[in-house]
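*Asks:* Build the 3D model from these lines:
(2 chains)
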Amino acid sequence: EAGVTQSPRYAVLQEGQAVSFWCDPISGHDTLYWYQQPRDQGPQLLVYFRDEAVIDNSQLPSDRFSAVRPKGTNSTLKIQSAKQGDTATYLCASSFGGRSTLYFGAGTRLSVL
Amino acid sequence: QQKVQQSPESLIVPEGGMASLNCTSSDRNVDYFWWYRQHSGKSPKMLMSIFSNGEKEEGRFTVHLNKASLHTSLHIRDSQPSDSALYLCAASTNSAGNKLTFGIGTRVLVRP
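*Replies:* Take a look at the predicted model:
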């Protein structure tokens, strides 16, 4: 069974540039998460979906970040105008049902110069 | 916002020794804890979960939970160099469904 797939693996930007991250969850998983993990810290939830609906985006900086999951499968996370403070690894995870294990993708390592 | 606090920040353990990690939630509504392990440059992978008071053992790993104090601990016996990793504690509440809040982690180094 294929795991969670993310692309790209790495991104390097100048401040003010835009970037998009893509995630393909495990087939059949109804819940998809985007986490931001700064270096040497734990993952911090940005947003999560159940099917195509946003369940919680309270920690997503809405002025520059956006996330969609239009058909309840793949998802895209976009940063409109990146800042140095956005430097982190962006992890996508998926799960099925309630109280179930999250399966993480390999992540996208973003550096904003 | 719910906080999950882990201690210690880092730990050095001799090969074959016992590693003990702690985690506490500040949210009285938390009723489920998870432990994930993240090797350097890799993504987190679930080790164990616990929601009942008491102890749960899987191989060399044992998890304890005290629901009254919202404290969980992870113990690794007979530690191996391959156990060197960042150990992440996460918590969820019944009302939040499968939303996991992670702590900053405990970095474990097992010295041969």
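*Asks:* dump the residue contacts of B:Asn94.
*Replies:* By C-beta atoms under 8 Å, 6 or more residues apart in numbering or on different chains, the contact list for B:Asn94 reads B:29, B:31-32. Quick note: C-beta positions are derived from backbone N, CA and C, even for glycine.
*Asks:* Repeat the analysis, applying 7 Å as the threshold.
*Replies:* B:29, B:31 (C-beta atoms under 7 Å, 6 or more residues apart in numbering or on different chains).
*Asks:* Tell me the predicted confidence for it.
*Replies:* B:Asn94 carries a pLDDT score of 73 in this model.
*Asks:* swap in the one 4 residues further on?
*Replies:* Per-residue confidence for B:Asn98 comes out at a pLDDT of 79.
*Asks:* Tell me the spatial nearest neighbour of B:Ser49, not counting adjacent residues.
*Replies:* If the residues on either side of it in the chain are set aside, B:Ser49 comes closest to B:Trp34, at 4.7 Å by C-beta to C-beta, 6 or more residues apart in numbering or on different chains.
*Asks:* And A:Tyr10, by the same measure?
*Replies:* Counting by C-beta to C-beta, 6+ apart, A:Arg109 is the residue found nearest to A:Tyr10 once chain neighbours are left out, at 5.1 Å.
*Asks:* can I assume that neighbour is in contact with A:Tyr90?
*Replies:* No. Counting by C-beta atoms under 7 Å, A:Arg109 sits too far from A:Tyr90 to count as a contact (8.1 Å).
*Asks:* which one of those two has more residues nearby?
*Replies:* A:Tyr90 (23 against 17; other C-beta atoms under 10 Å in any protein chain shown).
*Asks:* Give the bridge partners for the more buried one, please.
*Replies:* A:Gln36, A:Thr108 (DSSP bridges).
*Asks:* just B:Thr62 next, same as before
*Replies:* B:Glu57, B:His75.
*Asks:* Could you report the distance from it to chain A?
*Replies:* From B:Thr62 across to chain A, the span is 19 Å (C-beta to the nearest C-beta, to the nearest Å).
*Asks:* you'd agree B:Gly41 is in a helix?
*Replies:* No. Counting by DSSP: H, G, I helix; E, B strand; the rest coil, B:Gly41 falls outside a helix, being coil.
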